[in-house]
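Trainee: Any chance you could fold what I've pasted below:
(2 chains)
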Protein chains: 2
Amino acid sequence: MHGDSFLNTMNPITEDSAAQALTQAPAPRRWEAIASELRNDIVEGLLAPGARLPNETELAQRFGVHRHTLRQAMQSLVREGFVQVRHGSGTYVRELVLDYALRRRTRLTQNLAEAGESASRELLGAEEALAGEWAAPLRVSARSRVLVLRTRARVRGRVVGVTESAFPLPRFAGLAEAFAQHGTVTAALAALGVPDYTRARSVIAARLPTQAEADALARPLTQPLLVVNYTNCDLQGVPVQAASTLFAADAVQLTVGPDDWDAA
Amino acid sequence: MHGDSFLNTMNPITEDSAAQALTQAPAPRRWEAIASELRNDIVEGLLAPGARLPNETELAQRFGVHRHTLRQAMQSLVREGFVQVRHGSGTYVRELVLDYALRRRTRLTQNLAEAGESASRELLGAEEALAGEWAAPLRVSARSRVLVLRTRARVRGRVVGVTESAFPLPRFAGLAEAFAQHGTVTAALAALGVPDYTRARSVIAARLPTQAEADALARPLTQPLLVVNYTNCDLQGVPVQAASTLFAADAVQLTVGPDDWDAA
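Mentor: Just a heads-up that it's a prediction; the model follows:
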């Protein structure tokens, strides 16, 4: 359900607000510019989670500043959660591991909120298509039409996952606009008359990404993906969304427990 | 909880019965010897799932036999489920994808049985150790002792996963012997006074294997793992087993659904 489809949609319809904040800051002070450059390296994956940063002397030399200025930049990155200091060892890019709970009511927005600071989502693209391989999970004819949405989630500016979803048409015509307006699938479905929905089944696999997937996730080809294929149903048990999420496995682990599934 | 620990324990205490059957067959006919060689290549991963076998002419040449003899060997492999013929395309190593359900009562034995033919398990090793990092999931002191079991599961002769489990001592002294006798954790726990247990929480991650893990799973270093860390509790809610299973992700996908968790 993925493959090259992300390759054509790398210009998000809605800009990521965290990225905007980084690029629109006016005339930063020197330490702010240094923090911004290191922050970008982390967000883009040039400095990988767990990587040790060069020591203060090396970094001060690289940026041509005093160690005091550099230290201000590092303190800012520590405060923002991008790096952590291990005393006697050095400064490291913080591992970003988001516990993503697979629940009866799995909500990306809620799971991102539980991951803390600065989670954001963007709509990468929306198009009508034949149901094709989405037909089986949606329990519709392969020749019926679906609305396919592609979205991307970031935490602390770093991409953690991309999702391709199919919604049956004509029932969910207007869903792309509703998503753009409300910002979440849950709110968009509610606007189209689905007040609640539950997760029918999740199938979890792991594999290496294609080049297009690696690009969409800003990860190397050697970083495995957690692939979650799932279906959501309305309270009458009718499928409203079939989807496939690719999580970068350096950033996300999935959790499952009885408390997440016991009937409310 | 893994790393190099599998490296020391590659001589299973109990031999895998499928492997025994392959090596102890007396004086096979020529087609049987060819089937056996190809079967071994598949089991050992030299012929990977999804790989196309050389065509009949090439294989007949390689083994120095008539195509008729070769065809007998292939028919045997088809029957056993190791390969499948796609007409007009060729003969392929069958993808082995085991749906492994994470349930309130997750039982490896039951999940393997649902995977069909010739599932087997072997005990790789057992040893006493300090609880260490098992202490938190088992809710015991890090300085208390645990029994660590290492087991390996195969389907159709191919390794699908390896598990390292810790059981608190002195409660489960004798569990290694009970496992060797009964062949499953469920039966071994029952023999030691735990008639039933339920899965508390599973945490699912994906990563590339270490060399030792790749060796234990008979997979290349480029084959991602699904890592499932979990705890099982007795009916009083006391942890009886903390474990980490490494599944070869070319062979196993995990499934989660409400029916698997709704209270009985």
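
Trainee: What separation do you get for the closest residue to A:A142 other than its chain neighbours and A:R145?
Mentor: Spatial nearest neighbour of A:A142, excluding adjacent residues (C-beta to C-beta, 6 or more residues apart in numbering or on different chains): A:A135 at 4.1 Å. Backbone N, C-alpha and C define where each C-beta goes, glycine included. As judged by C-beta to C-beta, to the nearest Å, A:A135 and A:R145 stand 10 Å apart.

Trainee: cool, and A:A216?
Mentor: Counting by C-beta to C-beta, the gap between A:A216 and A:R145 amounts to 25 Å.

Trainee: Show me which residues of the stretch 101-250 of chain A sit near chain B.
Mentor: By C-beta under 8 Å from any C-beta of the partner chain, the residues of the stretch 101-250 of chain A that approach chain B are A:102, A:104, A:198-208, A:222, A:224-226, A:249-250.

Trainee: hmm, which of the residues you listed are the buried ones?
Mentor: Buried subset of those (neighbour count, 16 or more other C-beta atoms under 10 Å in any protein chain shown): A:102, A:104, A:198-208, A:224-226, A:249-250.

Trainee: Among the residues you listed, which are located in helices?
Mentor: When DSSP state H defines the helices, the subset of these inside them is empty.

Trainee: Name the SS class of the most centrally placed residue in chain A, please.
Mentor: In chain A, the residue lying closest to the centroid (C-alpha atoms, centre = their mean) is A:A153, at 2.3 Å. Taken by DSSP: H, G, I helix; E, B strand; the rest coil, the conformation at A:A153 corresponds to strand.

Trainee: Where do the helices of the stretch 151-264 of chain A begin and end?
Mentor: A:175-182, A:185-191, A:211-217 (DSSP state H, counting those that start in this stretch).

Trainee: May I see the ones you listed arranged in a markdown table, with mean neighbour count and mean pLDDT as well?
Mentor: Shown next, in a markdown table, are those (neighbours: other C-beta atoms under 10 Å in any protein chain shown; pLDDT from 0 to 100):
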| stretch | mean neighbour count | mean pLDDT |
| --- | --- | --- |
| helix A:175-182 | 17 | 93 |
| helix A:185-191 | 19 | 94 |
| helix A:211-217 | 19 | 92 |
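
Trainee: so can I have JSON lines of these showing distance to B:A188?
Mentor: Shown next, in JSON lines, are the helices of the stretch 151-264 of chain A (distance: least, C-beta to C-beta, whole Å):
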{"stretch": "helix A:175-182", "distance to B:A188": "51"}
{"stretch": "helix A:185-191", "distance to B:A188": "45"}
{"stretch": "helix A:211-217", "distance to B:A188": "42"}
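
Trainee: quick one, which of those is nearest to A:T163?
Mentor: The closest of these to A:T163 is helix A:185-191. By C-beta to C-beta, the value is 8.8 Å.

Trainee: what's that closest one packed up against?
Mentor: Judged by 3 or more C-beta pairs under 8 Å, 6 or more residues apart in numbering or on different chains; DSSP states H and E, the packing partners of helix A:185-191 are helix A:175-182, strand A:239-248.

Trainee: Would you pull up how far it lies from the middle of the chain?
Mentor: With C-alpha atoms, centre = their mean, to the nearest Å as the basis, helix A:185-191 stands 19 Å off its chain's centre.

Trainee: what residues does that helix touch?
Mentor: Residues from elsewhere that reach helix A:185-191 (C-beta atoms under 8 Å, 6 or more residues apart in numbering or on different chains): A:107-109, A:149, A:165, A:172, A:175, A:178-179, A:181-182, A:197, A:240-241.

Trainee: How about stretch A:163-171?
Mentor: A:1-2, A:5, A:108, A:128-129, A:131, A:134, A:138, A:140, A:144-153, A:175, A:185, A:192, A:239-246.

Trainee: got the buried residues for that stretch?
Mentor: By 16+ other C-beta under 10 Å, the buried positions in stretch A:163-171 come out as A:T163, A:E164, A:S165, A:A166, A:F167, A:P168, A:L169, A:R171.

Trainee: Stretch A:107-124 too?
Mentor: Neighbour-count burial for stretch A:107-124 flags A:R107, A:L108, A:N111, A:L112, A:A115, A:S118, A:A119, A:S120, A:R121, A:E122, A:L123, A:L124 (criterion: 16+ other C-beta under 10 Å).

Trainee: Kind regards, and thank you for your time.
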